[in-house]
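S.K.: Following is a predicted model, sequence given first.
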Amino acid sequence: MSDIILETRSINKYFHDPVKFQVLNDINFSIKKGEFVSITGKSGCGKSTLLYILSTMDTDYEGELFIDGESMTKLPHNGLAKVRNEKIGFVFQFHYLLPEFTVLQNVMLPALKLGKFEPAAIEERAMSLLKRLDIHDQARKGANRLSGGQKQRVAIARALINDPVLIMGDEPTGNLDSKNSKIVFEIFKELVAEKKQSLLIVTHDEDFARTTDRNIVMDDGRMVK
Amino acid sequence: MNTLNLSISKTLLMARLKQSVIAAAGVTFGIAMFITLVSFMTGLNKMLDSLILNRTPHIRLYNAINPNADQPVNRSAEFKNALNIVRSIKPSDSRTEIYNSTAIIQSLKSDSRVVAVAPKVASQVFYNIGVIDLNGLVNGIDVSQEMKYFSFADYIIKGDAYDLNRISNSVILGKGVADKMMSQVGDVIHVTSAKGDQLSLKVVGIFQLGLATVDDVQSYASLETTQKLLGKPKSYYTDIQVKLTNIDDAPAVAKEYALRYRTDAEDVQTANAQFESGTKVRNIITYAVSITLLIVAGFGIYNILNMMIYEKMDAIAILKATGFSSSDVKNIFINLSMIIGFIGGVAGLLTGMLLTMLIDQIPFKTAALPAISTYPINYDFTYYIIGALFAMATTYIAGYFPAKKAARIDPVVIIRGK
Ligand SMILES: Nc1ncnc2c1ncn2[C@@H]1O[C@H](COP(=O)(O)OP(=O)(O)OP(=O)(O)O)[C@@H](O)[C@H]1O
Ligand SMILES: [Mg+2]
């Protein structure tokens, strides 16, 4: 097996509303296993749009996407869901938790769906993740009763629960203070080092971007660097 | 995995309990209305049916007074191939008797389609009121059979029908007859038979069928009394009434009996053709109303559940983003609406039952049906099954379509649209 975890071939994306315009222009790049890649670029340049496509949540694009050597472009919805469940951890720009569930349940759900471990083991693992992110004391609370930063950390814990080979984050530390941002970045770095997981993180934090293995700069739907 | 989906459905429901309860209440309302109205309407229909059917035999064997079929002109060789309309031999009186009645009754009783057989003797009489003779009809009946199979007791408004057997020369008068003769239970009235013989009869009861044509003319007596009135022997019967297990068989069975016993046989459908069409029309109205009710209830249920599912679109997007498949999403939301359908449906059936029981308590008096004192309700289990199936089916559909639509689209469409 090759050591490429994600690869794109000339991905283009258009929005048609209100007028047709090209958001992404000929995106060709790849991420190696265990690589920590950051994306920067000014607001509105298409970073989130790209991340949604790469995470298989958006199938409306031109070009081809490979994850773990497998083409995602022709896969049916259920196949994509399985890939997302097993291989991808995603942290949204705006934290999307299920408000009907507790913090702990939110973190556990993807693992329960995967069904690789017993619920008790999953709970233990979820608790340890929450502990590392310093919100284990909120575990039994309803997810809608947290602050923005707390929610973001829960979302990170959820993204990590299934040990995905690829973690994507859309400004995952956007709502965090410097102390918690540091914790998150440290966790990310550990994951890359220990488990050979790959990371693709969109950020506005130039200092942080410099410390990653590779920084991609986007402008107007193109990768310029 | 399915238990996971089920527990997710439950959590989603419990998290917004108020909304879930309102949705379930929508189902409850629709189903309760359906049960109540259908039970009430069919109850009324049945009551109207029983107005006639209670006292009408399914098949009546009798001999109609017809001209002799074997007229002399038929025997003439000259008119052999002609249409003969000259009739000279008049019908004879004695033909109203059913020949060999004892054997016929025996044979009928051994027929598996037959529930009951009751012979009858009808006799034309004149009720003597002072100087006036009132035209009337005395029915000689087998009292216990009539009580058991033809709801005779329901129509006795005064007195006791069994007194007909206990007291010789006794009679139960129609209410109209009694009013005209100004007689009460215990009085003695005088009647003149068609042959001119006079007889005194003791009034032991008064009946009311609610049909003036009957109540103003007829009265009931025992078989023996009527045979005596006619001066006929014990085996003299003018009618044999038959009750079948299935009323719908009556026309066919009547034809068969007419051939077998060489009598006239009239089925209830033919005897009450206009009544039949009345029943048909009422049934059509009932069906139309029930279907309309179900459709209206169905749309209500569909709308409420649809709205509920669209409110949960975010949850769908997040579940899909974290790896739940389209089929999981469909499954979760169908579970959700089916739980609502089940709880709301059961509550609807119970509410419907309670409402009908309530209606069943409301007093309703009608002269035509002395046995009925409250509004009639038809407690037919079939309607409960239809209601339950309908609740489940509509909630399934109401859950299925939005869930299917949500399952198909990319999660990002929902997330961005927020
Ligand atoms: N649903 C949509 N329909 C039309 N245009 C859209 C839609 N979503 C985003 N856009 C446009 O596409 C462009 C890229 O949006 P995107 O969200 O990818 O930007 P971004 O790089 O993530 O910005 P930010 O750093 O502010 O999050 C923007 O100009 C935006 O206005
Ligand atoms: Mg963005």
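M.R.: Cool, got the structure. Ligands and ions are numbered 1, 2, ... in the order given.
S.K.: which residues does residue B:363 contact?
M.R.: Taking C-beta atoms under 8 Å, 6 or more residues apart in numbering or on different chains, we find residue B:363 in contact with B:373-374. All C-beta atoms are positioned from the backbone trio N, CA, C, and that covers glycine.
S.K.: same thing but 10 Å
M.R.: Neighbouring residues of residue B:363 by C-beta atoms under 10 Å, 6 or more residues apart in numbering or on different chains: B:373-375.
S.K.: Could you list the residues of chain B in contact with ligand 1?
M.R.: Contact residues (C-beta under 6 Å from any ligand atom) of chain B with ligand 1: residue B:416.
S.K.: likewise chain A?
M.R.: A:15, A:17, A:23, A:43-49, A:93.
S.K.: Tell me the one of those nearest residue B:224?
M.R.: Nearest to residue B:224 among the residues of chain A next to ligand 1: residue A:17, at 96.7 Å, using C-beta to C-beta.
S.K.: Assign the closest one to helix, strand or coil.
M.R.: What DSSP: H, G, I helix; E, B strand; the rest coil gives for residue A:17 is coil.
S.K.: Please work out how many residues are found near it.
M.R.: Using other C-beta atoms under 10 Å in any protein chain shown, the number of residues around residue A:17 comes to 6.
S.K.: ok, now the one 3 residues further on?
M.R.: Close neighbours of residue A:20, defined as other C-beta under 10 Å, add up to 8.
S.K.: so where do the strands sit in the chain?
M.R.: By default, I'm working from chain A. Along chain A, the stretches classed as strands by DSSP state E are A:4-15, A:21-27, A:30-32, A:36-41, A:62-67, A:70-71, A:88-91, A:166-170, A:198-202, A:214-219, A:222-223.
S.K.: look at chain B instead
M.R.: Using DSSP E, strands in chain B cover B:59-62, B:114-129, B:132-141, B:156-159, B:170-174, B:188-193, B:198-207, B:218-222, B:239-244, B:264-267.
S.K.: Surely residue B:12 and residue B:318 touch.
M.R.: No - contact criterion C-beta atoms under 10 Å: residue B:12 and residue B:318 do not qualify, at 11.6 Å.
S.K.: if I look at those two, which residues touch both of them?
M.R.: Applying C-beta under 10 Å, 6+ apart, one finds that residue B:12 and residue B:318 are jointly contacted by A:98, A:101.
S.K.: Scan the chain for its longest helix.
M.R.: Assuming you mean chain A. If you go by DSSP state H, chain A has its longest helix at helix A:178-195.
S.K.: Chain B is the one I meant
M.R.: helix B:273-311.
S.K.: which helices and strands does it pack with?
M.R.: Helix B:273-311 sits against helix B:2-15, helix B:17-53, helix B:268-271, helix B:313-321, helix B:326-359, helix B:381-408, with contacts defined as 3 or more C-beta pairs under 10 Å, 6 or more residues apart in numbering or on different chains; DSSP states H and E.
S.K.: Mean neighbour count, those: which tops it?
M.R.: A comparison of these by mean neighbour count, using mean count of other C-beta atoms under 10 Å in any protein chain shown, puts helix B:313-321 on top with a mean of 23.
S.K.: The closest residue to residue B:401 other than its chain neighbours: neighbouring residues, count only.
M.R.: Counting by C-beta to C-beta, 6 or more residues apart in numbering or on different chains, residue B:401 lies nearest to residue B:306, which is 7.8 Å off, once chain neighbours are set aside. The number of residues packed near residue B:306 is 16, by other C-beta under 10 Å.
S.K.: Right, I'll leave it there.
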